[in-house]
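Trainee: what follows is a predicted structure for the sequence shown.
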Amino acid sequence: MKSVAFKMKLKPGFLTEYKKRHDEIWPALAEELTNAGITDYSIFYDEETDALFAVQKQAENNTADLLPQTEIVRKWWKFMAEIMETNPDHSPVSLPLTEVFHQD
């Protein structure tokens, strides 16, 4: 199992809506993430910058790289695009973060 972290950006004023949408995450999307080998997935918010920091654990044999090709993920991206900074395909602008410290 490996941990992966990345940074995204929420548009100002949309924290409540962002939380609501994640509280009501579509069961099909949650199942797709689990089937891809993603577990222990958390997203943190920085109020000063509207930055979102996501951390997830991925199984060694995960298929997370294939998620952007799935219909449910593309539908989710489109659903979230109005409240986040996105790329032309509606995927969130996402920057990988480098781990500099870890303690078990």
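Mentor: Perfect, I can see it now.
Trainee: can you report how many residues neighbour residue 68?
Mentor: 11 (other Cβ atoms under 10 Å). (Each C-beta comes from the backbone N, C-alpha and C, glycine too.)
Trainee: the nearest residue to it once chain neighbours are set aside and residue 54: what is the separation?
Mentor: In this structure, residue 68 finds its nearest non-sequential neighbour in residue 91, 6.4 Å apart by Cβ to Cβ, 6 or more residues apart in numbering. Distance, residue 91 to residue 54, using Cβ to Cβ, to the nearest Å: 13 Å.
Trainee: secondary structure class of the residue most central in space within the chain, three-state.
Mentor: The residue lying closest to the centre of the chain (Cα atoms, centre = their mean) is residue 54, at 5.9 Å. Three-state call for residue 54 (DSSP: H, G, I helix; E, B strand; the rest coil): strand.
Trainee: which ones are touching it?
Mentor: With contacts defined as Cβ atoms under 8 Å, 6 or more residues apart in numbering, the neighbours of residue 54 are 5, 6, 7, 8, 41, 42, 43, 44.
Trainee: what helix or strand is the first one on?
Mentor: Think residue 5. Secondary-structure assignment from DSSP states H and E places residue 5 in strand 2-9.
Trainee: what's the answer for the last one, then?
Mentor: With elements taken from DSSP H and E, the one containing residue 44 is strand 38-46.
Trainee: now that strand, how far from the centre of its chain.
Mentor: Strand 38-46 sits 7 Å away from the centroid of its parent chain (Cα atoms, centre = their mean, to the nearest Å).
Trainee: same thing with stretch 82-96?
Mentor: Here stretch 82-96 is found 10 Å from its chain centre; the criterion is Cα atoms, centre = their mean.
Trainee: now stretch 97-104
Mentor: Here the centre of stretch 97-104 is set off from its chain's centre by 18 Å, with Cα atoms, centre = their mean.
Trainee: can you give me the end-to-end span of it?
Mentor: Terminal residues of stretch 97-104 are spaced 19 Å apart (Cα to Cα, to the nearest Å).
Trainee: repeat for stretch 67-83
Mentor: End-to-end span of stretch 67-83 (Cα to Cα): 21 Å.
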